[in-house]
Every structure is written in C-alpha cells, then in structure tokens.
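A.B. asks: I'll drop the sequence and a predicted model, then ask my questions.
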Amino acid sequence: MLKQPAACTGFVLSAVVLILTTVVASGAAAAGADQPQWGQRHSRNMVSDEVGLPERFAPKLGENVKWSVAIGTQSWATPVVAGGKVLIGTNNGRPRDPKHEGDRGVLMCLNEADGSFVWQLVVPKLSEDIYFDWPQAGMCSPPTVEGDRVYMVTNRAEVVCLDLHGMANGNDGPFLDEGRHMAPPDRPAMEPGPTDADILWRLDLRTAAGVRPHDSSHSSILLDGSYLYVNTSNGLTSRHDGVDKPEAPALVVVDKGTGTLVAQEREGISQRIFHCQWSSPALGTVNGRRLVFLGGGDGWCYAFEALEPPGQKSGSGAESSETGEAGTTPELPALRCVWRFDCDPTAPKENIHTYIRNRRESPSIIKGMPVIHNGRLFVTVGGDIWWGKREAWLQCIDAGQTGDVTSRGLLWSYAVERHCCTTPAIHDGLAYVADCAGKVHCVDIETGRAVWVHDAGSETWASTLVADDKVYVGTRRGDFWVLAAGRELRVLSSIRLDDAVIGTPVAANGTLYVGTMSQLFALQVGTTSGSR
C-alpha cells in the first residue's frame, strides 16, 4: 500500500474536518424549530429548546444582529415565527401602504430570512368608544399558526383565520370582502392589493358571543385539534363602575375550519371581573384527563375538560344544552368545569367595583397565562396594575383535584414586590417571573422560596424567556437583560434599547427575536447587519 504524501494527508484531514463540521452545523440547524404561538404549545411555558443564541448584541454596531426592521410606533405584542415568516402586531404609525391612513390595528408579516415586508392585516379601530380599542395600541394579540393558517384576534374583537401567504396565491374564501373589512365604516370599500392579508373566515365576538372588549383585545389562541380556545377580553364599562356584559363568556371555543362557535364557559366569570379577561388559556393532561386552564379576570383559576374530536358524544368535555323552542337556536354547550381555585380568598367579594383605584385593598386579577408543568399549575395573580392593590403572587396549584379546591389546592404562594402581569417560565426545577417593580425572581418550584432576585431597574410587562441556559427579559425603560439560568445569579449582559420592550423575546431556528415598541430585531451569533 502506497504511503500518502504529507500534503495529501493534510488535505484529506482538512476535508474530513470540513465534512464533520458541516454535519454538526447541519444537525444544530436541524435542531431549531419554528415558534408558531406564544409560549410552548399547550403548556404555555416560556421555555425554548433553541441553542447557540447570543448572550449580547449591539444594535448600533450591528453585532449579532441578523436584521432589524422598523415596525409601527407602538407594539404591545409578541412575535411568532412559522413557515419562513415572522408575524407581529403593531399600529399604523409608519404606514407600509399609503392607502391605509390614520390609526389602525396592524398584523405585519415579514420574511424570516431578511425581515423584508410581505403583507399586512390592517383593521380600522372600533370608534364607538375609546375604551373598546385604545388609540394607537394597534394589534395586541399574538397569532397562532398551523401550517399555512394563521389564527388571530384583531383589535375589533374578531377571531380571524388568515392565509399565511397573504394575497400572493389569490383571494381564497369563503370570506371575500377584505376590501370592505379594511375600510372604516364611513368610507367606501378599498381594493385589496398584493400586500394585504387574505382573510379566510371571520367571527365577531361582539355579535356572536355578546362581548364588550375593554381597552384592547388581547388573546393568544390555544389550538387543540379541531378547536380554538379563545379568551374574550370582556371587561368593564367606560366608567369602570361595573361589567357591561356580565352574561358574556370569558372563554369560547371556535371550530378552526369554519369559524363557528362550538362551546363556551358558563361559570359566571364575567360577573366577577375586576377589569378585563386578558389571560389566555393553556392545556395539559393531568391524571389521564385533558384539561384547559384559564386564569380568570376574577382572580380565580379554572380547569375545564377539553373537548374531544367532533363526532364523539360521550365525555365530550361539554355539557349538552336543552333544545330551544321551535324557531329558536339552542344555547351553546357549556364547557365542563372540573375544578376552580380562588387565588385570593381573603379579597373583597361583594360590590367589588367600589374598590377601583384602591391601592391597599381590592380583588385580584390574572393577566399572564397559567403554565401547566408536571401536574402543577403556575400562575401570577394580584391587584390590577391601574386600579388595584399593590400586592401580587406567583402561585403553584395542584392541578389533579376536582371541585372547589380553594382550601386544598394551593401548594405554595410566593409574594412578588408589586403588580405582576407576566407568564412564568419553568425550567430545571426553577420558576422565573418578572414583576412591575422591575424585579426578576428565580423561585424553587418545590419549596416556593426565592433562589435569587435581580433588580432590572424598571417596570417589566414582558415575560421571561428561558433558552440556551439563559434568561432573556426586557423592561419598559428599554433595558434588555440576559441572565444565566440556574441557581447562581449572573448577569451576562444588559443592552439599552431606544424604546420600551413589552413583548416577550422569542427563539426560533437559531435566532432570538426581540421587539421594542417600534422595532423588531432578529439576533444571531456571528451576524452583522443593518436595519430596514
């Protein structure tokens, strides 16, 4: 056998190294995945399996910035990433199309590769009352994507199904009146263009479910099989002296194929709402039973039996309604409530709206999503940011019981410093949660005791994201913090951005997405790019 020259041997070794490096890199890329909804699917846990994410970035220098895009002038939403697209809610403060003038809600669709603009859903404001659809707030709900279907709650309290490809593949039905939908009621219908959204179906919760939205509609739709579970954003009157629609549901179920209502909760949640039903549902299996969890605007947690696939009658998860009289429509089936838990049992229960603006004593409200993990439900609850007491807690509830579990369901309660509207992240035996006092708390999930507390320096509405052994979170002052995940508090970096961070960071396909009120950053290690 002939001996290879040293140069040849070096070439072969280099080739082998190159091949192995390529394989490893390909494997790392293959490990990445889309993030098609807010939080982990079903559980809502704010944890990602993405690796190789940056621990620092420099927006002005472009360091680790794959791309950045100016969106509107206000964005209260979290981005989602699916099918090569990035979707984020914003307003029309920087119009992408001159035909869309004035204050509007906007869902913007960008190319994942470079941030280039693809299409937008533009929705006129609800103009009857300022408290229906707050000025300049834009589209606050994050969408949920499955395949080429985008499910979304608009600023007009509509559940819509959109084509992920927009109008690029034509105007698909059954909904074909996009031109009328994108125009204010007092103006003529517009002509849809190639950068407008394609609405496939639309369900108006105000007319179909009797809902009165308050301030801004906010819902992250829970997708389960054929069904969409949607919290309704039903809330107070404009005078903040009571609930305008106390009989309207806080949670409805919609058929994802047709956009028709299938079921709703009938626990009387809306009668006890202190401000609004902004918390979105989660889903998990506990003791062999599939449950949908809702943090109520009344400060209670609820577990409903999940609906079974269409056609299955026994154990369907809904209680049948009586057939209506001849010529009437039968009442929608009620979701079967398995258990309920009062997160603040000593709070006022009578004449609750007389406690509006009382910072010492008031009912509680749940704004963040409940997270189900290993048979336990983790939820943040406490006084309302604008109208309630300055107390809040992260609570851990046994999700495997039945009935009213207020006296026996609480495993522990951890007091945070002030109000809290965020969703916790549960990872490796620890819970991470941020509060409105600007503190990031790391809590042991077995004991409910603090492991460490970090002062982020400013009120925090964005939820924490745990990914790649890091904790990412942004503040309303515009500070973006990267902390080491684990039992030792270590600050990896702090970046001052030009605007507030309200949405939760998102990791997908090896990239970290951070949105401010006016800009969206796609961050990737080793990249250097400018802005669009």
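C.D. replies: Yes, it's here.
A.B. asks: Identify the residue spatially nearest to residue 208, adjacent ones excluded.
C.D. replies: residue 261 (5.7 Å; Cβ to Cβ, 6 or more residues apart in numbering). Using the backbone N, CA and C atoms, a C-beta is placed for each residue, glycine as well.
A.B. asks: Provide a list of residues in contact with that neighbour.
C.D. replies: Each residue near residue 261 by Cβ atoms under 8 Å, 6 or more residues apart in numbering is listed here: 203, 208, 209, 252, 253, 254, 255, 332.
A.B. asks: Give the bridge partners for it, please.
C.D. replies: For residue 261, the beta-bridge partners under DSSP bridges are residue 254.
A.B. asks: distance of it from residue 173?
C.D. replies: Distance of residue 261 to residue 173, given as Cβ to Cβ, to the nearest Å: 20 Å.
A.B. asks: residue contacts, the closest residue to residue 527 other than its chain neighbours?
C.D. replies: Here the nearest residue to residue 527 in space, its sequence neighbours aside, is residue 66; by Cβ to Cβ, 6+ apart that works out to 4.4 Å. Contacts for residue 66 (Cβ under 8 Å, 6+ apart) come out as 511, 522, 523, 524, 527, 529.
A.B. asks: how about residue 66, secondary structure?
C.D. replies: Three-state call for residue 66 (DSSP: H, G, I helix; E, B strand; the rest coil): strand.
A.B. asks: Touching the strand ranked longest in the chain from outside, list them.
C.D. replies: Taking DSSP state E as the criterion, the chain has its longest strand at strand 519-528. By Cβ under 8 Å, 6+ apart, the residues outside strand 519-528 that reach it are 52-54, 57, 59, 61-71, 75, 79, 86, 88, 110, 112, 115, 497-499, 510-515, 531.
A.B. asks: Let me see the confidence value for the residue nearest to residue 269 when sequence neighbours are not counted.
C.D. replies: Counting by Cβ to Cβ, 6+ apart, residue 250 is the residue found nearest to residue 269 once chain neighbours are left out, at 3.9 Å. Note on residue 250: pLDDT of 98.
A.B. asks: any idea how far residue 233 is from residue 250?
C.D. replies: In terms of Cβ to Cβ, residue 250 sits 9 Å off from residue 233.
A.B. asks: Give me the common contacts of the two.
C.D. replies: By Cβ under 8 Å, 6+ apart, residue 250 and residue 233 have these common neighbours: residue 277.
A.B. asks: Looking at these two, which has the bigger crowd around it?
C.D. replies: For residue 250 versus residue 233, neighbours defined as other Cβ atoms under 10 Å are more numerous around residue 250 (31 against 27).
A.B. asks: ok, the more buried one - contacts?
C.D. replies: Contacts for residue 250 (Cβ under 8 Å, 6+ apart) come out as 231, 232, 234, 265, 267, 269, 270, 273, 277, 294, 296, 297.
A.B. asks: Of the residues you listed, which belong to strands?
C.D. replies: 231, 294.
A.B. asks: Any chance of the contacts of residue 250 in CSV with distance to residue 158, pLDDT and neighbour count as columns?
C.D. replies: Converted to CSV, the contacts of residue 250 look like this (distance: Cβ to Cβ, whole Å; pLDDT from 0 to 100; neighbours: other Cβ atoms under 10 Å):
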residue, distance to residue 158, pLDDT, neighbour count
231, 14, 98, 30
232, 11, 98, 31
234, 14, 98, 31
265, 20, 98, 25
267, 24, 98, 21
269, 21, 98, 25
270, 19, 98, 26
273, 21, 97, 27
277, 16, 98, 31
294, 20, 98, 29
296, 23, 98, 29
297, 20, 98, 31
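A.B. asks: Out of the contacts of residue 250, flag the one nearest to residue 43.
C.D. replies: The closest of those to residue 43 turns out to be residue 294 (Cβ to Cβ; 14.1 Å).
A.B. asks: any idea how far that closest one lies from residue 258?
C.D. replies: Shown here: residue 294 relative to residue 258, a distance of 23 Å by Cβ to Cβ.
A.B. asks: likewise residue 124?
C.D. replies: Using Cβ to Cβ, residue 124 is found at 25 Å from residue 258.
A.B. asks: try residue 160
C.D. replies: From residue 160 to residue 258 the distance is 13 Å (Cβ to Cβ).
A.B. asks: Quick check: neighbours shared by the two?
C.D. replies: residue 201.
A.B. asks: So which of those two has more stuff around it?
C.D. replies: Neighbour count, other Cβ under 10 Å: between residue 160 and residue 258, residue 160 has more, with 24 against 13.
A.B. asks: Which element, helix or strand, includes that one?
C.D. replies: Element membership of residue 160, judged by DSSP states H and E, is strand 158-163.
A.B. asks: what are the pairing partners of that strand, and which direction each?
C.D. replies: Strand 158-163 has the following strand partners under DSSP bridges: strand 149-153 (antiparallel), strand 199-204 (antiparallel).
A.B. asks: returning to that earlier point: now render the contacts of residue 261 as a markdown table, adding distance to residue 226.
C.D. replies: What follows is these, written out as a markdown table (distance: Cβ to Cβ, whole Å):
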| residue | distance to residue 226 |
| --- | --- |
| 203 | 15 |
| 208 | 18 |
| 209 | 19 |
| 252 | 14 |
| 253 | 10 |
| 254 | 10 |
| 255 | 6 |
| 332 | 16 |
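A.B. asks: What spatial separation is found between the residue nearest to residue 269 and residue 504?
C.D. replies: Separation of residue 250 from residue 504 (Cβ to Cβ) stands at 23 Å.
A.B. asks: What of residue 98?
C.D. replies: Distance from residue 98 to residue 504, counting by Cβ to Cβ: 32 Å.
A.B. asks: Which one's more surrounded, these two?
C.D. replies: For residue 98 and residue 504, the more surrounded residue by other Cβ under 10 Å is residue 504, and the numbers stand at 27 against 6.
A.B. asks: re earlier: could you pick out the buried ones from the contacts of strand 519-528?
C.D. replies: 52-54, 57, 59, 62-69, 71, 75, 79, 86, 88, 110, 112, 115, 497, 499, 510-515 (16 or more other Cβ atoms under 10 Å).
A.B. asks: Go through those residues and flag which are in strands.
C.D. replies: Counting by DSSP E, the part of the buried ones among the contacts of strand 519-528 found in strands is 63-69, 86, 88, 110, 511-515.
A.B. asks: Which members of the residues you listed are the farthest-apart pair?
C.D. replies: Farthest-apart pair in those is 63 and 88; separation 22.7 Å (Cβ to Cβ).
A.B. asks: Would you indicate which residues of stretch 235-250 are buried?
C.D. replies: Quick answer for stretch 235-250 (16+ other Cβ under 10 Å): 235, 236, 240, 243, 244, 245, 248, 249, 250.
A.B. asks: Please read off the pLDDT at the closest residue to the first one other than its chain neighbours from the model.
C.D. replies: So the one you mean is residue 235. Distances taken as Cβ to Cβ, 6+ apart put residue 214 closest to residue 235, at 2.6 Å, once the chain neighbours are dropped. Residue 214 is assigned 96 on the pLDDT scale.
A.B. asks: Quick check: phi and psi at residue 214.
C.D. replies: phi -130, psi 130 (degrees, to the nearest 10).
A.B. asks: And residue 169, by the same measure?
C.D. replies: With angles defined as degrees, to the nearest 10, residue 169 sits at phi -110, psi 30.
A.B. asks: check contacts around it.
C.D. replies: So residue 169 contacts 163, 198 (Cβ under 8 Å, 6+ apart).
A.B. asks: Report the separation between it and residue 107.
C.D. replies: 18 Å.
A.B. asks: Now the helix or strand where residue 466 lies: average pLDDT?
C.D. replies: Element membership for residue 466 (DSSP H and E) is strand 465-467. The predicted model gives strand 465-467 an average pLDDT of 98.
A.B. asks: Give me the sheet partners of the helix or strand that comes right after that strand and which way each runs.
C.D. replies: Moving toward the C-terminus from strand 465-467, the next helix or strand (DSSP H and E) is strand 470-474. Sheet partners assigned to strand 470-474 using DSSP bridges are listed as strand 465-467 (antiparallel), strand 479-484 (antiparallel).
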